[in-house]
Every structure is written in structure tokens, then in C-alpha cells.
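# Generate a structure from the sequence data that follows.
(one chain, ligands or ions: 4)
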Amino acid sequence: MPLVTTTEMFKKAYDGGYAIGAFNVNNMEIVQGITEAAREVNAPLILQVSKGARAYANHTYLVKLVEAAVIECPNIPIALHLDHGPDFETCKSCIDGGFTSVMIDASSKPFEENIEITKKVVEYAHDHGVVVEAELGTLAGIEDDVKVAAHAASYTRPEEVEEFVAKTGCDSLAIAIGTSHGAYKFTADQCTRNEKGILVPPPLRFDVLEEVSKRLPGFPIVLHGSSSVPQNYVKMINENGGKMPDAVGIPEEQLRKAASMSVCKINIDSDLRLAMTGTIRQFFNEHPDKFDPREYLKPARANIKELVKHKIIDVLGCDNKA
Ligand SMILES: O=C(CO)COP(=O)(O)O
Ligand SMILES: O=C[C@H](O)COP(=O)(O)O
Ligand SMILES: [Zn+2]
Ligand SMILES: [Zn+2]
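Ligands and ions are numbered 1, 2, ... in the order given. Purely as a prediction, here's the structure:
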């Protein structure tokens, strides 16, 4: 089947109490690892491309890689989504260039300005059969090279969501309930430590999510910054020359709960990066004589695939929902 929008997948996910994984893609091995996993477990899929990914790999290369994946995976619905579109022009370029979904992220702007920019993107997108994700609230962490400190982050205000959705006509809404971008989601003083000395982050604000859902019945909610930062990969990185002290993510149990509620799209990027980097670091450490990129990219791709399968089956619950 050709690339699809997220409309149908979100409706089914909302009604079925599961979520679709939105995984960031930056090169061929990442596209292959993710799509092979989704194909094997028969899951609908969102492949997303950030501004940084377009700058790194080039829009055309990424679209063509995703189109190749669509050919290789004819039986699962795949949407191609712009992640954190910073302005109308970037959204337009992706809408014109083959994407089926875009995010306009004007969440750092004042409320009225966010509405104005989002509305403009929605009008253009809907005219072209493309759907739009918007954002209210500010996540902490690293986003497009900009670091938002924990104290500067702010939860979504539920009292704003109805007006925002009604005035913009957006198709889904990303909200801030305590997730954060990157591999260092929380500082040590925000966390407690478990018996193994691993940092345990503060729980997500499910009360905010519930209030938002009550005000927007049936409306798909998106969670950014939802990597779990698997400690096996942090360990693999640190044991093979890396230095990632106190990297900590969102416990999968909490993502499972969000997926069972109104959250229909869960964004995961950092976990893929950790799997890829850990695998390659270990390979280099164990095989200092090797220099064929295929030899280290192959296990990296295989571990991305395993990780995505795990997310789909054990966290998102969207296996066999294609
Ligand atoms: O939200 C994301 C992409 O938009 C990715 O979040 P992570 O950094 O938690 O993987
Ligand atoms: O939200 C951020 C995503 O993980 C994309 O990251 P990036 O801008 O480094 O590609
Ligand atoms: Zn944002
Ligand atoms: Zn994000």
C-alpha cells in the first residue's frame, strides 16, 4: 500500500487502547531496522524525520529510503511524518515533498501565535491531504540542538486545549506531562535511586493527561521524549569507551499506561541511538582490526530491529494491528 496518513491508525489506536510507535530515521540502517521489525510483527508505523535529519541526510534521500521501505513492507500502513517542524516553510516543503503528516511545533511561542502558525499549516496541509500534529506545553531536554532546562519546561494547561484544537483544526496534539527529549531526561536531584543505584524518575503527570482527554474526547494525543534509555545499552556504551553517567528515561510501565489511554503516538529516537552506538562501540572494542562499515552497521541494524520489536509488542501494544 502507498504511504498513509495517521488518521485511520489513530482512530483504531484510540479505540483499541494502544499506541503507534513514531521512530526517527536518519539513515538506511535505521529505516531498515525499524521497518523490518514492524513488518515481522505486523504493526502500523510512523517514520519521522526531524529538521536535523533533513539537514544531515537530505530530504530526497530520506523520502526515497522510506519509499523503498514501503515497497518492502506492502502489508503494513506506514506514515511519513515531519518531526518538530519549526515553521510554515519547512512544513510546506515536506507536504510538497511527499510527507503524509507534519508537526508544526510553535509551542515555544505565545498561545495566540501558536494558534496562528498552526492554523496556517493546517490549512495548507489539509488542502493537500496531509495531517497535522501541533504542540502545547514545553518539554525539557534537547530538541534541535536547543537545550530546555527542567525549570524552563512547563506542563500543558488542560484549560487551553479545547480552544487550541477548535481554532487550529489540528489532527493530533503533543502535550507536556513530564517526558523530555534526549538520554538525560532528569537530573539526579529530580530522581530517587533504586536498590541497584539506578535513577528512578518522577512519575508522569497522568492527571494532566486525564484532564486533557476529558476535554478532547476521542482526540489523539502524542507523547514526545518517550525513550526509556535502556540501561543495557547505557552499560554497553560505558563499558566500551563511552561516558554517559546517569542517563535515564521514561519507565516503560508508564508508557504502557499512556498507550492504554488517549495517547495514540509515542515518539522514540534516543533509544535507537543508544542501541546503535552501544553496538558499534562494542564491535570496535572487540574487533580493533575491522574497518568494513557493513560489519558494524549490520549488528547495529539488528539491535535496532530487536529494540523496535520489543517496543511494539511489550510497550505500545500495536503488534498485529496493521
Ligand atoms: O520526541 C522525540 C522525537 O520527537 C524523541 O524523544 P526521545 O529523545 O525520548 O527519544
Ligand atoms: O525531538 C528530537 C528528536 O529526537 C530529533 O532529534 P534531532 O533534531 O537531533 O534529529
Ligand atoms: Zn516542542
Ligand atoms: Zn519530540
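
# quick one, strands of the chain?
20-24, 45-50, 78-85, 101-104, 131-136, 140-143, 146-148, 172-175, 180-181, 192-193, 199-200, 221-223, 263-268 (DSSP state E).

# and the residue located most distally from the centre of the chain, how far is that from residue 295?
What lies farthest from the middle of the chain is residue 289; by C-alpha atoms, centre = their mean that is 35.8 Å. Between residue 289 and residue 295 the distance, using C-beta to C-beta, to the nearest Å, works out to 11 Å. (Each C-beta comes from the backbone N, C-alpha and C, glycine too.)

# quick one: low-confidence ranges for the protein?
144-146, 150-152 (pLDDT under 70).

# is it true that residue 32 touches residue 66?
No. At 11.0 Å, residue 32 does not count as touching residue 66 under the criterion of C-beta atoms under 8 Å.

# Any idea how many residues pack against residue 256?
16 (other C-beta atoms under 10 Å).

# Spit out the contact partners of it.
314, 315, 317 (C-beta atoms under 8 Å, 6 or more residues apart in numbering).

# With residue 304 instead?
29, 30, 33, 34, 37, 272, 275, 276.

# what's near enough to touch the nearest residue to it once chain neighbours are set aside?
Nearest in space to residue 304, with sequence neighbours left out and distances taken as C-beta to C-beta, 6 or more residues apart in numbering, is residue 33 at 3.1 Å. Going by C-beta under 8 Å, 6+ apart, residue 33 touches 272, 300, 301, 302, 303, 304, 305, 307, 308.

# Let me know the closest of these to ligand 1.
residue 272 (7.6 Å; C-beta to the nearest ligand atom).

# if I look at that closest one, how far off is ligand 3?
The spacing between residue 272 and ligand 3, counted by C-beta to the ion, to the nearest Å, is 19 Å.

# Name the nearest residue to that residue, sequence neighbours excluded.
Closest to residue 272 by C-beta to C-beta, 6+ apart is residue 304, at 5.4 Å.

# before we move on, back to that, now rank the contacts of residue 304 by neighbours and give me the top one.
residue 34 (29 neighbours).

# mind checking how far the residue most central in space within the chain is from residue 22?
Residue closest to the average C-alpha location in the chain (C-alpha atoms, centre = their mean): residue 267, at 1.8 Å. Going from residue 267 to residue 22 by C-beta to C-beta gives 5 Å.

# what touches both of the two?
Common neighbours of residue 267 and residue 22 (C-beta under 8 Å, 6+ apart) are 48, 83, 222.

# May I see the PyMOL selection of the buried members of the residues you listed?
The buried residues among those can be selected in PyMOL (16 or more other C-beta atoms under 10 Å) with this line:
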select buried, resi 48+83+222
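
# which bits of the stretch 151-300 of the chain sit near ligand 2?
181, 269 (C-beta under 6 Å from any ligand atom).

# so where do the helices sit in the stretch 151-300 of the chain?
Using DSSP state H, counting those that start in this stretch, the helices of the stretch 151-300 of the chain run over 161-168, 206-215, 231-239, 252-260, 270-286, 293-310.

# Please work out which of these is packed deepest.
Among those, ranked by average contacts under mean count of other C-beta atoms under 10 Å, first place goes to helix 270-286 (a mean of 20).

# Tell me who's in contact with residue 299.
279, 283.

# For it, give its distance to ligand 2.
23 Å (C-beta to the nearest ligand atom, to the nearest Å).

# repeat for residue 253
22 Å.

# on that earlier part again, can you name the two of the contacts of residue 304 that are farthest apart?
Put simply, by C-beta to C-beta the two of these set farthest apart are 37 and 276, 13.8 Å from each other.
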